[in-house]
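[1] Predicted model, plus sequence, below.
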Amino acid sequence: MSVRFPYIWPIEMKTPEPLLRRLHVSSVETGSRLGCGATRSFLRRLRLHSLVVFDFDDTCVDTAPLYTRARAQCREIVAADGVDPAQWNALQQKCDAALIPTLKFGPAQFPTACVEAYEALAKSPKPSVSKKLYATASAVLTNPPPVKAGVDKALAELSRDHIMVLLTKGNSEVQERLVRASGLGGRFDKVVMVGDKNPEAFREICRWAHVAPERAWSVGNSLPSDINPAMRAGLSTVHFKDGADVWTYEQRETKPLPGGRYSSTDRMAKVPAIIHKGLG
Ligand SMILES: [Mg+2]
């Protein structure tokens, strides 16, 4: 016999809208397209009293190595035109960070930074080289990053006992496509996309889950995005450091906030045990 909960729907449908608007998620439909069921999420929230907020790029999937490879290809292109590849590399990363306020991690940001750095360094920049650089750098977005080893297993284990939220920063069009390609959306009760990971975003997710920050964890590879703002909001943290590339922009803070609940590991397989132990 199927059981229906008609009284749940109005509550559930009212709850996410203001939250999603504040967090700049494009629509409620985003979550269901990515495999997160609203009813499942609500019923789980009645039963579960702890929350895990997971980062996506370079925690669940290997994103930075794709960019590192694309930069290596671009260095060859600029070197062939007489530009010092090391100088170009350093300037490209500066340009990339400087473009964040205007291009907001959108698909044009990385290729534009590659072209800007070349045009600033070349004695007489050639439009054909700029075009080639833009095309080479844009290709990074067409290859979905591979899922890291052990991630799916760890998420499956955690999702049995905790409300799961995937919190990812960046351009919602790009991120939605990458999350869908990863096939990991179904491991989460909600996927939240934000322009910036600040303490308020973590507090808002705790409010949505009806879980106190003391019972919530943030897992991610970036101190300034996943760890320190989460600790400022009162969450416990697991800093995932597997030795893979970390985007230069995510190295702008190098120390965890003193006094916060901080742990770190280089193996995804250890994350569920750290969280279970921490919750006692
Ligand atoms: Mg990350």
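    Nice, I can see it. Just so it is clear, the structure is predicted and the values come from calculations on it, not from any experiment.

[2] Which secondary structure elements does the helix or strand hosting residue 111 sit against?
    According to DSSP states H and E, residue 111 maps onto helix 109-121. If you count contacts as 3 or more C-beta pairs under 8 Å, 6 or more residues apart in numbering; DSSP states H and E, helix 109-121 packs onto helix 64-80, helix 85-98, helix 100-103, helix 127-138. For every residue, glycine as well, the C-beta is placed using N, CA and C.

[3] Compare the ones you listed and say which comes out lowest on pLDDT.
    Ranked by mean pLDDT, the helices and strands packed on helix 109-121 bottom out at helix 100-103, which scores a mean of 87.

[4] sorry, back to before: which one of the helices and strands packed on helix 109-121 lies closest to residue 239?
    Comparing the helices and strands packed on helix 109-121 against residue 239 with C-beta to C-beta, the closest turns out to be helix 64-80 (15.7 Å).

[5] residues in the chain within reach of the ion, list them.
    Within the chain, the residues that sit near the ion (C-beta under 5 Å from the ion) are 55, 57-58, 221-222.

[6] What's the first helix or strand after the helix or strand harbouring residue 175?
    Per DSSP H and E, residue 175 falls inside helix 172-182. For helix 172-182, the succeeding helix or strand toward the C-terminus, using DSSP H and E, is strand 190-194.

[7] Remind me what that next one packs against, helices and strands.
    Using 3+ C-beta pairs under 8 Å, 6+ apart, strand 190-194 sits against helix 29-33, strand 163-169, helix 172-182, helix 199-209.

[8] what helices or strands is the third one leaning on?
    Helices and strands touching helix 172-182, by 3+ C-beta pairs under 8 Å, 6+ apart, are helix 29-33, strand 163-169, strand 190-194.

[9] mean confidence for the longest one?
    Strand 163-169 carries an average pLDDT of 91.

[10] on that earlier part again, okay, the helices and strands packed on helix 172-182 in a markdown table with distance to residue 211 and mean neighbour count next?
    Rendered in a markdown table, the data for the helices and strands packed on helix 172-182 read as follows (distance: least, C-beta to C-beta, whole Å; neighbours: other C-beta atoms under 10 Å):
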| stretch | distance to residue 211 | mean neighbour count |
| --- | --- | --- |
| helix 29-33 | 18 | 16 |
| strand 163-169 | 6 | 25 |
| strand 190-194 | 12 | 24 |
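
[11] related to what we said a few turns ago, are any of the residues of the chain next to the ion buried, and which?
    Neighbour-count burial (16 or more other C-beta atoms under 10 Å) is assigned, among the residues of the chain next to the ion, to 55, 57-58, 221-222.

[12] Now the phi/psi pair for residue 210, please.
    Main-chain dihedrals, residue 210, degrees, to the nearest 10: phi 60, psi 40.

[13] Just give the number of residues close to it.
    Neighbour count of residue 210, defined by other C-beta atoms under 10 Å: 13.

[14] how about stretch 226-243: buried residues?
    Neighbour-count burial for stretch 226-243 [16+ other C-beta under 10 Å]: 226-240, 242.

[15] same question but for stretch 95-102, I mixed them up
    Residues 95-96, 99-100 are the ones in stretch 95-102 that count as buried (16+ other C-beta under 10 Å).

[16] Using JSON lines, lay out the helices and strands packed on helix 109-121 together with distance to residue 161.
    What follows is the helices and strands packed on helix 109-121, written out as JSON lines (distance: least, C-beta to C-beta, whole Å):
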{"stretch": "helix 64-80", "distance to residue 161": "30"}
{"stretch": "helix 85-98", "distance to residue 161": "38"}
{"stretch": "helix 100-103", "distance to residue 161": "36"}
{"stretch": "helix 127-138", "distance to residue 161": "41"}
